[in-house]
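J.: Based on what follows, work out the 3D shape:
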Amino acid sequence: MSERKINQLHPREQIIMVINRIYKKGLTTTSGGNISIMDDHSDMWVTPSGVDKGSLKPADIMCVKANGQIEGLHRPSMEYPFHKAIYEKRPDLKAVVHAHPPGLVSFSIVRQTPDTKITPRIHQICGPIGYAKYHIPGSQALGDSISEQFAKGFTSVIMENHGAVVGGTNVFDAYQRFETLEYCARMMINGKTIGEPKQLNDQQIAAFEAQSHQLVPTHKEECLTTQEKETCQTMCQMVLRACDQGLMMSGYGTLSVRTGNNSFLITPSDVIRWDMQPEDMVRIENGEFAAGKTPCPTVLLHKKIYEQHPGIHAIIITQPEYLMAYGITHRKVDVRTIPESWIFLQDMQNVAFGAQFVGNNTIPNLLSKENPGVIVENDTVLMTGNSLLQAFDRLEVAEFSAKSLVMGTTLGAFAPMNDHEIEELRKAFF
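T.: This is a model prediction of the structure:
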């Protein structure tokens with residue numbers, strides 16, 4: 001969603017969009033959590049107390065006026081005082097999201113903070129994490145404890161034995177930070193189940209941030225064919241499906257589809273994934289794209305893969321939490337779990353962080369029919385296919401396999417299909 005579209009929505013509507021997303025994603029309970037927005041008149045719009053989070057309507061959202069007067073059908077959240085305290089300490093923030101998602105609660109009850117340096121994107125979005133000591137909900141002491149952390153510059157804070165709270169320049173920015181932080185927590189928990197997560201150093205993060213797609217926009221008008229318009233629609237549907245299924249986050253995930261020998265469509269940068277529209281897609285032809293649009297930063301990697309592999313017609317790059325458990329621990333996913341997993345994937349190699357950088361040919365050289373996807377350690381998962389549906393299907397199968405492996409670790413040693421069984425599959429399906 002663009003800044004322009006956000007500004008067209010009333011704060012009530014913005015809060016409803018985000019609370020619906022949070023509840024649908026299982027990041028809060030019927031009674032848990034609260035969201036607020038501080039508008040240009042210093043009035044705070046906030047979720048009500050004691051109203052089902054799964055059925056909130058715009059009329060249910062409360063307004064706490066700048067003069068302290070309360071307007072609305074209900075009582076404001078009992079925790080709105082700590083929202084107010086955050087805004088007082090951080091006038092640059094215009095939205096606050098608080099809830100009790102399982103991953104972040106896990107960290108809060110063992111009194112630790114997630115390490116956001118497990119991937120560059122997570123660190124970019126969340127930054128370092130603050131830690132607020134426990135105080136009774138709704139108390140002045142809790143507001144002081146939390147707002148002190150925000151005053152130090154943190155925008156994401158773990159609340160001891162409680163959950164997490166984040167701020168943002170708008171409510172969608174705050175939601176993206178909140179969702180990303182929960183993904184980070186789950187990646188670390190899953191990673192610790194199979195090994196030990198490894199963090200990036202400051203030099204690696206700086207090298208990542210210095211990357212540029214190096215493509216120059218053209219002033220030619222973007223004219224899509226009827227087929228390309230249909231492809232844009234399909235891409236949007238797949239992005240939304242990926243977000244709903246936990247394969248993509250609001251602020252991260254890229255799809256591209258080949259449309260010709262020297263052209264492809266790719267998702268844009270800095271557009272909320274679950275609100276992406278067909279007209280947001282970026283057409284790349286001969287390395288050029290229309291002015292006014294910004295392709296995802298990995299666009300050159302997509303271009304290189306398409307040039308080197310005529311049989312690849314779709315690419316997905318994202319951070320599903322179970323596959324990324326292997327990415328942050330530098331462990332290899334063994335796809336010999338069930339017949340479907342081996343048939344769809346055959347192999348899935350890890351590559352070192354930096355292999356995704358401009359000028360590095362490791363990933364294009366590694367991809368093949370027998371190795372359609374790779375895990376870039378501490379960064380991402382890349383999957384290819386001869387169609388977008390095949391690439392998506394392979395990604396789903398890979399994530400399900402990784403999830404089964406992580407869960408199976410608590411039960412006992414993994415027993416992969418043996419060489420004889422793999423050879424039988426090879427003869428039957430290839």
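
J.: and the gap between the spatially most central residue of the chain and residue 272?
T.: Nearest residue to the geometric centre of the chain (C-alpha atoms, centre = their mean): residue 249, 2.1 Å. According to C-beta to C-beta, to the nearest Å, residue 249 and residue 272 sit 10 Å apart. Backbone N, C-alpha and C define where each C-beta goes, glycine included.

J.: okay, and the common contacts of those two?
T.: Shared contacts of residue 249 and residue 272, defined by C-beta atoms under 8 Å, 6 or more residues apart in numbering, comprise residue 176.

J.: Output the below-cut-off pLDDT ranges for the stretch 151-300 of the chain.
T.: For the stretch 151-300 of the chain, the stretches flagged by pLDDT under 70 are 212-214, 216, 219.

J.: actually the stretch 1-150 of the chain, not the one I wrote
T.: Across the stretch 1-150 of the chain, residues meeting the criterion (pLDDT under 70) sit at 1-4.

J.: tell me what the helix or strand residue 384 falls within is packed against?
T.: Using DSSP states H and E, residue 384 maps to strand 380-385. Judged by 3 or more C-beta pairs under 8 Å, 6 or more residues apart in numbering; DSSP states H and E, the packing partners of strand 380-385 are strand 314-318, helix 321-329, strand 373-376, helix 388-409.

J.: Export only the CA atoms of the second one, formatted as CSV.
T.: Once non-C-alpha atoms are left out, helix 321-329 reads as follows in CSV (Å, rounded to 0.1, in the frame of the first residue of the first chain):
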residue,chain,number,x,y,z
GLU,A,321,10.2,-19.6,8.7
TYR,A,322,11.1,-23.3,8.6
LEU,A,323,13.4,-23.3,5.6
MET,A,324,15.0,-20.2,7.1
ALA,A,325,15.7,-22.2,10.3
TYR,A,326,18.1,-24.1,8.0
GLY,A,327,19.3,-20.9,6.5
ILE,A,328,20.3,-19.3,9.8
THR,A,329,21.9,-22.4,11.2
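
J.: Which helix or strand lies directly C-terminal to it?
T.: Going down the chain from helix 321-329, the next helix or strand is helix 339-345, by DSSP H and E.

J.: now that following helix: mean pLDDT?
T.: Here helix 339-345 scores 96 as its mean pLDDT.

J.: Please enumerate residues in contact with that helix?
T.: Against helix 339-345 from outside (C-beta under 8 Å, 6+ apart): 335-336, 372-373, 393-394, 397-398, 400-401, 417, 422, 425, 429.

J.: do you know which of the helices and strands packed on strand 380-385 lies nearest residue 229?
T.: Proximity to residue 229 (C-beta to C-beta) singles out helix 388-409 among these, at 14.8 Å.

J.: Now do the buried residues in that closest one.
T.: Neighbour counts using 16 or more other C-beta atoms under 10 Å place 388, 390-392, 394-403, 405-406 of helix 388-409 among the buried residues.

J.: For the residue nearest to the centre of the chain, give its distance to residue 70.
T.: Separation of residue 249 from residue 70 (C-beta to C-beta) stands at 35 Å.

J.: go on, residue 330?
T.: Separation of residue 330 from residue 70 (C-beta to C-beta): 53 Å.

J.: burial of residue 74, as a residue count?
T.: Neighbourhood size, residue 74 [other C-beta atoms under 10 Å]: 15.

J.: likewise residue 319?
T.: Per other C-beta under 10 Å, the neighbour tally for residue 319 reads 24.

J.: contacting residues for it?
T.: For residue 319, the contacting residues are 119, 121, 183, 187, 248-249, 252-253, 327, 380-381, by C-beta under 8 Å, 6+ apart.

J.: Which pLDDT does the model give it?
T.: If you check residue 319, the pLDDT there is 96.

J.: how much space between it and residue 50?
T.: Residue 319 is 36 Å from residue 50, where distance means C-beta to C-beta.

J.: ok, back up a step: looking at the contacts of helix 339-345, which gets the smallest pLDDT?
T.: Lowest in pLDDT among the contacts of helix 339-345 is residue 429, which has 93.

J.: which one is that one nearest to, not counting chain neighbours?
T.: Closest residue in space to residue 429, ignoring its immediate chain neighbours: residue 343 at 5.3 Å, by C-beta to C-beta, 6 or more residues apart in numbering.

J.: re earlier: now do the contacts for the residue nearest to the centre of the chain.
T.: So residue 249 contacts 176, 179-180, 183, 243, 273, 318-319 (C-beta under 8 Å, 6+ apart).

J.: coming back round to it: out of the buried residues of helix 388-409, which one sits closest to residue 258?
T.: Ranked by distance to residue 258 (C-beta to C-beta), the buried residues of helix 388-409 are led by residue 388 at 9.7 Å.

J.: In this structure the closest one contacts residue 267, no?
T.: No - counting by C-beta atoms under 8 Å, residue 388 does not reach residue 267; the two are 11.5 Å apart.
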